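K.L.:
pasting the structure only:
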Ligand SMILES: *Cc1c(COP(=O)(O)O)cnc(C)c1O
């Protein structure tokens, strides 16, 4: 643990968010926590055990390698669902381990059937329907073929789920397209049921769809961003708080990214600070050096732009963000000392540096900024 900065995950914030989500979705709908992208940058190895402890029993990941990490991170009995990449040896492993996976083309279904027969196991599959996102999923014209396979091999293929994914449920701009996707999903579901093939769990919703279109929650929702305390978009937040007396954000950010003051320096008026001439002192200034730079995931875009918290106050980055260091202006906080805590993302007292402010001011980027947090930063749990 000699890393110059670290990530803290707040247990109370997570429990708060899970309470909120469970109350929204009710007890008859299952919650699957989406932990792809290294648990949205939070770190699978730290975050998944926290979910297990909170009683979460279903995890969604992108790939077999993430599924393996979830398995290792936590030994509580849980289900894992791979929504993306799983092939060859990884598929053999998934089937042997009873890991569920999306099937969205004929090749994967044939491969899964072949492995299940060879190993005399049952593959737990979720048939994904193409409803309008045009990414992955079976076309309507392929459903007869799929249904026949399910009918012919009940001992090796278990029809665990029928699912789809919406192309942007977080924005009203996509309303009609998403509505059409919902209709097509229902048609696909009716098709299977009319052939006497009922999936065990029907699921279509990510966080945004779960909030915006509650009637489409079916049996399970795949919630990513909201469990971490972020809204999928400003629209989803506004729709939720409109008409409520209490307009406070009910979610709490789980993640903080912290470092400390490494060194302090006085700078005279007229001097340039850091590389080049991007920042010139206008008066006597004090700067603090923070041992975090772009190689640690603190973007160079934040040169002369970023904000951090020191001693409960917001201070600005001065000059260019370096590979391993950045400088902040602490002229207004003369009591600052070497070793003081520096918050790059998260809370300090009543102040917060949001992930959105950390990049450009859009919520959509939360996803990208979070997942870009480097794997090598140490993660730890706090209350
Ligand atoms: C990432 C993902 C989700 C979760 O999305 P959030 O917006 O983070 O809730 C759900 N379903 C699929 C298929 C996904 O890829």
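P.N.:
Ah, there it is. Bear in mind that the values here come from a model prediction, so they are computed numbers and not experimental data.
K.L.:
where does residue 282 land in three-state SS?
P.N.:
Counting by DSSP: H, G, I helix; E, B strand; the rest coil, the backbone at residue 282 sits in coil.
K.L.:
I misspoke; the intended subject was residue 50.
P.N.:
State at residue 50, reduced to three classes by three-state DSSP: helix.
K.L.:
okay, residue 244 and the ligand: tell me how far apart.
P.N.:
As defined by C-beta to the nearest ligand atom, to the nearest Å, residue 244 lies at a distance of 22 Å from the ligand. Quick note: C-beta positions are derived from backbone N, CA and C, even for glycine.
K.L.:
ok, residue 325 next?
P.N.:
From residue 325 across to the ligand, the span is 33 Å (C-beta to the nearest ligand atom).
K.L.:
quick check: chain neighbours aside, which residue is closest to that residue?
P.N.:
Counting by C-beta to C-beta, 6 or more residues apart in numbering, residue 293 is the residue found nearest to residue 325 once chain neighbours are left out, at 5.2 Å.
K.L.:
OK, contacts around the one you found?
P.N.:
Applying C-beta atoms under 8 Å, 6 or more residues apart in numbering, one finds that residue 293 lies in contact with 321, 322, 323, 324, 325, 326.
K.L.:
where in the protein is the helix or strand with the lowest mean pLDDT?
P.N.:
Lowest on mean pLDDT, DSSP states H and E among the helices and strands of the chain sits helix 355-358, with a mean of 74.
K.L.:
next secondary structure after that one?
P.N.:
On the C-terminal side of helix 355-358, the nearest following helix or strand under DSSP states H and E is helix 364-371.
K.L.:
what mean pLDDT would you report for the helix or strand harbouring residue 115?
P.N.:
Taking DSSP H and E as the definition, one finds residue 115 inside helix 106-119. Averaged over helix 106-119, pLDDT sits at 98.
K.L.:
swap in stretch 249-265?
P.N.:
Computed over stretch 249-265, the average pLDDT equals 96.
K.L.:
do you know how far the residue lying closest to residue 74 once chain neighbours are set aside is from residue 231?
P.N.:
The shortest distance from residue 74 to any residue that is not its chain neighbour, by C-beta to C-beta, 6+ apart, is 4.3 Å, and that residue is residue 52. Residue 52 is 25 Å from residue 231, where distance means C-beta to C-beta, to the nearest Å.
K.L.:
now the host helix or strand of residue 344: buried residues?
P.N.:
Residue 344 belongs to strand 341-348 when elements are defined using DSSP H and E. For strand 341-348, burial by neighbour count (16 or more other C-beta atoms under 10 Å) applies to 342, 343, 344, 345, 346, 347, 348.
K.L.:
dump the residue contacts of the fifth one.
P.N.:
Spelled out, that is residue 346. If you count contacts by C-beta under 8 Å, 6+ apart, residue 346 has them with 8, 253, 255, 256, 257, 258, 352, 353.
K.L.:
which strand residues sit across from it in the sheet?
P.N.:
Taking DSSP bridges, one obtains residue 353 as the residues bridged to residue 346.
K.L.:
any idea how far it is from residue 174?
P.N.:
When C-beta to C-beta is applied, the distance between residue 346 and residue 174 equals 31 Å.
K.L.:
am I right that residue 59 is in a strand?
P.N.:
Yes: according to three-state DSSP, the state of residue 59 is that of a strand.
K.L.:
so it makes contact with residue 48?
P.N.:
Yes: using C-beta atoms under 8 Å, residue 59 is in contact with residue 48, at 6.9 Å.
K.L.:
which one of those two is surrounded by more residues?
P.N.:
Regarding residue 59 and residue 48, a neighbour count based on other C-beta atoms under 10 Å identifies residue 59 as having more, with 29 against 26.
K.L.:
next up, the contacts around the more buried one.
P.N.:
Contacts for residue 59 were tallied using C-beta under 8 Å, 6+ apart; they are 32, 33, 34, 35, 48, 51, 70, 78, 79, 80, 81.
K.L.:
by neighbour count, which of those wins?
P.N.:
Ranked by neighbour count (other C-beta under 10 Å), the contacts of residue 59 have residue 35 at the top, with 28 neighbours.
K.L.:
hmm, back to that, out of the contacts of residue 346, which are inside strands?
P.N.:
Using DSSP state E to define strands, the subset of the contacts of residue 346 located there is 8, 255, 256, 257, 258, 352, 353.
K.L.:
any low-confidence regions in the protein?
P.N.:
Judged against pLDDT under 70, the low-scoring parts of the chain cover residues 1, 358-364.
K.L.:
who does the helix ranked longest in it touch, helix- and strand-wise?
P.N.:
Among the segments of the chain that qualify as a helix by DSSP state H, the longest is helix 175-194. When contacts are defined as 3 or more C-beta pairs under 8 Å, 6 or more residues apart in numbering; DSSP states H and E, helix 175-194 packs onto helix 143-152, strand 157-163.
K.L.:
got the phi and psi for the spatially closest residue to residue 188 that is not a sequence neighbour?
P.N.:
Nearest residue to residue 188, sequence neighbours excluded (C-beta to C-beta, 6+ apart): residue 129, at 4.4 Å. Phi and psi for residue 129, reported as degrees, to the nearest 10, are phi -100, psi 140.
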